[in-house]
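**Q** No sequence on hand, only this structure:
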């Protein structure tokens, strides 16, 4: 004869198997997601991603079913943190490359081409603010193209380029690489996410 205790034990076993099966399925999905992430970032972030993968698997293996939602959030935080680190590293590298390119002949070409495009819209009493690191080089270019315009240094420019301010100091137009990166940040980030298959 089957007792109530036997039925309870049987029911408990079925529930535990169901919970274990669901938890295992979710764990398998997280492991698969981690594996995909590792393959995408292997070249640049090989050591860091392997550490994250080991840490992530360790956390998944050590948590019980009752801690499953907490584990899931921790996993998402780890992935977000890894993605954030990759984005920050990418933008830092991008800014360094832009800074380097601006110090080369490409920077001279950018300055000259942009000044020639806007030359007719500028007035002699406007002021051109230049990037501090290339001030002497850029000043010579500005003086050649706009011989009567005021020239000064901008403390706002960190990558290269220039700004133009009217004589009333009511309008300042930014042609700096800093401004371009800032304006295009969302587009660049979206393309990066797509390239890294994060979207």
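**A** Great, that's in hand. Predicted model only: the values in this text are computed from it and were never measured.

**Q** Break this protein down into its domains, please.
**A** Taking automatic domain parsing as the criterion, the chain consists of the domains 4-100, 104-187.

**Q** Kindly report which one of those carries the lowest mean pLDDT.
**A** Confidence, taken as mean pLDDT, is least for domain 4-100 of the domains of the chain (a mean of 67).

**Q** From residue 96, how far out is residue 181?
**A** The spacing between residue 181 and residue 96, counted by Cβ to Cβ, to the nearest Å, is 12 Å. Placement of C-beta: from N, CA and C, glycine included.

**Q** Who has more neighbours out of those two?
**A** residue 181 (16 against 11; other Cβ atoms under 10 Å).

**Q** surely that one meets residue 159?
**A** Yes. Using Cβ atoms under 8 Å, residue 181 is in contact with residue 159, at 7.1 Å.

**Q** Need the overlap of contacts for the two.
**A** Common neighbours of residue 181 and residue 159 (criterion: Cβ atoms under 8 Å, 6 or more residues apart in numbering): 95, 98.

**Q** Mind jotting down where the helices sit in the chain?
**A** Shown for the chain, the helices assigned by DSSP state H span residues 4-62, 68-103, 105-118, 135-145, 177-195.

**Q** So for the second one, what gets flagged as buried?
**A** What it means is helix 68-103. 68, 71, 74-75, 78-79, 82-83, 86-87, 90, 98-99, 101-102 (16 or more other Cβ atoms under 10 Å).

**Q** Need the max-distance pair from these.
**A** 68 and 102 (50.7 Å; Cβ to Cβ).

**Q** and residue 59, how many residues sit next to it?
**A** By other Cβ under 10 Å, the residues close to residue 59 number 16.

**Q** Sorry, slip of the keys, the one I care about is residue 160.
**A** Using other Cβ under 10 Å, residue 160 is surrounded by 25 other residues.

**Q** Check residue 141 too.
**A** 18.

**Q** shouldn't it be in contact with residue 110?
**A** No. Counting by Cβ under 8 Å, residue 141 sits too far from residue 110 to count as a contact (10.1 Å).

**Q** Residue 53 versus the spatially closest residue to residue 158 that is not a sequence neighbour, what's the distance?
**A** With Cβ to Cβ, 6 or more residues apart in numbering as the criterion, residue 158 has its nearest non-adjacent residue at 5.5 Å, and that residue is residue 178. Going from residue 178 to residue 53 by Cβ to Cβ gives 36 Å.

**Q** More neighbours: those two, which one.
**A** residue 178 (20 against 17).

**Q** What residues does that one make contact with?
**A** Residue 178 touches 156-159, 161, counting by Cβ under 8 Å, 6+ apart.
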